[in-house]
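Participant: sequence plus predicted model, see below.
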Amino acid sequence: MTFIDTILAHYGWQGVALAGVMLTALCVQFYYFLFVYGRIPSYRIGRRPARLREAPPVSVVIPMFSEDNAFVEQTLPRIVAQEYPDFEVVIVYVGSDADFYEDLVRLRHAFPCVTVTKIQLDPRFPISPKMALNVGIKSAHNEHLVLTTTDAYPLSDRWLSLMAKGFMRAEVVVGYCGLEPARGIGNYLMRAWRMMHAADWLASAVKGRPYRGIRHNLGFTKTLYFGANGFTHLNMNIGEDDLFMQKIMTPANVGVVLSPRAALCEKTWGGLGWWTRTVRFFDAAKPYYPRWVRTYVGWEMGSRLLFWLAVACALAVMPWEYKIGAGALLLVRYGVIVWQVRRIARRLGERRMCGRYFLYDLLSPFYALLLGVLNLRKDERVWR
């Protein structure tokens, strides 16, 4: 009791409570980064039992919502050049330009694996990505499907073979897609946000509690798709990679493909303003997530914000020895997290993510609060 009385006399109940908050938040942070995200670097899909003897034929389904010459000239050649013996590329063109459609059809002369399907664009009847994907899935000749977008391109010629090999052990395969690197702090924060939020659902899938994929790099079988009667939430322009995937995913049927050679890279179309609009748009699906998912994601961000606020309070008002202790906890936490982030980034094929990680670490909780405020207003782009 003498020791406790001395501590209380010196720092008061406020100091003891502040220390308790810091230590509790620190323990939550260590749990996420060591025991949750820590599963990502060591995961191997080959440890799962095999369901097929060899990698199956694959159909890559890509919806195209504009006359995208950049995709045709730059990205499509990377896809058709994949080192895989048996695949087709199904492009679903949603538009009204007859000349562009004819050019797409003629691609088959240069790339026999390419099939093109057209949906006539009518302003009176907007076409959602789910409708375009549904047409592409029905047009595909193979049972095993890989979905991607015109905004993303593979980082190696082994992407498709690794995703196809994932089907040997799972009916649903999910991969990673990062953001295109560019100069500037804004681009770095966007890339870090994508990587660490992907770590949430990748780590959960590795643990056996999958709840989403990413629309640029995921796959499933036709049997699962038609068994679930196609996409869900048809009144929304989003949800094909999370709300629908939650319907078909089970702990036993999901495989995670983690390799720098299996990653894709998404093109960026602006800075933080564009990114905020994009994140807000897709975050409109989160209220429909199961409660455990929202809790699982929120605890990490919330504990990080609580830790930062507690440390700031300790450094501002507490005695010098208390400040030293708070600073030591801050350095230990940062060292552990940067070490783990480096391992995760290496596994996902991300580069130069650790040097400025303290910026994302500090700013992302406040950015999440901003998004929460923005999402209080209904985003009309989401609804049909």
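Facilitator: Yep, that arrived. The structure displayed is predicted, hence computed values, not measured ones.

Participant: just the helices in the stretch 51-200 of the chain please.
Facilitator: For the stretch 51-200 of the chain, helices defined by DSSP state H, counting those that start in this stretch occupy the ranges 69-70, 76-80, 98-110, 129-139, 159-166, 185-207.

Participant: now the third one: average pLDDT?
Facilitator: What it means is helix 98-110. Computed over helix 98-110, the mean pLDDT rounds to 93.

Participant: run through who's touching that helix.
Facilitator: Contacts to helix 98-110, defined as CB atoms under 8 Å, 6 or more residues apart in numbering, come from residues Glu67, Val72, Leu76, Ile91, Tyr93, Gly95, Val114, Thr115, Val116, Lys118. Where you see a C-beta, it was placed from the backbone N, CA and C, and this is true even at glycine.

Participant: contact partners for the second one?
Facilitator: For Val72, the contacting residues are Asp103, Leu104, Leu107, by CB under 8 Å, 6+ apart.

Participant: output the longest strand belonging to the chain.
Facilitator: Ranked by number of residues, the top strand in the chain under DSSP state E is strand 87-95.

Participant: in the stretch 251-384 of the chain, which spans are strands?
Facilitator: In the stretch 251-384 of the chain, the segments counted as strands under DSSP state E, counting those that start in this stretch are 254-256, 264-266.

Participant: most neighbours per residue, which of those?
Facilitator: Compared across the strands of the stretch 251-384 of the chain, strand 254-256 shows the largest average neighbour count, a mean of 26 (mean count of other CB atoms under 10 Å).

Participant: what's around Ala81, how many residues?
Facilitator: Ala81 has 12 neighbours, counted by other CB atoms under 10 Å.

Participant: measure it to Glu88 for me?
Facilitator: With distances taken as CB to CB, to the nearest Å, Ala81 is found 14 Å from Glu88.

Participant: and what of Phe30?
Facilitator: Relative to Glu88, Phe30 is positioned 47 Å away (CB to CB).

Participant: my guess is Met353 meets Val341, correct?
Facilitator: Yes: Met353 is within contact range of Val341, at 6.3 Å (criterion: CB atoms under 8 Å).

Participant: doesn't Val341 make contact with Pro41?
Facilitator: No: with contact defined as CB under 8 Å, Pro41 and Val341 do not form a contacting pair (10.5 Å).

Participant: closest to the centroid, which residue in the protein?
Facilitator: Closest residue to the average C-alpha location of the chain: Ala198 at 3.5 Å, with CA atoms, centre = their mean.

Participant: Leu202 and Gly255, how far apart?
Facilitator: Leu202 is 12 Å from Gly255, by CB to CB.

Participant: hmm, I was thinking of Val72
Facilitator: From Val72 over to Gly255 (counting by CB to CB), the distance is 31 Å.

Participant: overlap of the contact sets of Leu202 and Gly255?
Facilitator: Residues touching both Leu202 and Gly255 (CB under 8 Å, 6+ apart): Val174.

Participant: if we can go back for a sec, ok, and the most crowded of the contacts of helix 98-110?
Facilitator: Within the contacts of helix 98-110, neighbour counts (other CB under 10 Å) peak at Ile91, which reaches 26 neighbours.

Participant: surely that residue meets Met64?
Facilitator: Yes: under the criterion of CB under 8 Å, Ile91 makes contact with Met64 at 5.8 Å.

Participant: who does the nearest residue to Cys113 once chain neighbours are set aside bridge with?
Facilitator: Using CB to CB, 6 or more residues apart in numbering and skipping the chain neighbours, the partner closest in space to Cys113 is Glu88 (5.0 Å). For Glu88, the beta-bridge partners under DSSP bridges are Ser59.

Participant: what's around Glu88, how many residues?
Facilitator: As a burial measure, Glu88 scores 19 neighbours (other CB under 10 Å).

Participant: any idea how far it is from Val373?
Facilitator: 45 Å.

Participant: what of Thr221?
Facilitator: Where Val373 is concerned, Thr221 sits at a distance of 40 Å (CB to CB).

Participant: so for those two, which sits in the more crowded spot?
Facilitator: Per other CB under 10 Å, whichever of Thr221 and Val373 has more neighbours is Thr221, with 20 against 8.

Participant: find the nearest non-adjacent residue to the more buried one, please.
Facilitator: Using CB to CB, 6+ apart, the closest residue to Thr221 is Glu171 (5.0 Å).

Participant: list the contacts of the one you found.
Facilitator: Taking CB under 8 Å, 6+ apart, we find Glu171 in contact with Arg51, Phe220, Thr221, Thr223, Leu224, Asn253, Val254.

Participant: do that again at 6 Å, thanks
Facilitator: When contacts are counted by CB atoms under 6 Å, 6 or more residues apart in numbering, Glu171 touches Thr221, Leu224, Asn253.

Participant: go on, Met64?
Facilitator: Shown in contact with Met64 (CB under 6 Å, 6+ apart): Ile91, Tyr93, Thr150.

Participant: so what's it bridging to?
Facilitator: Bridge pairing for Met64 (DSSP bridges) gives the partners Tyr93.
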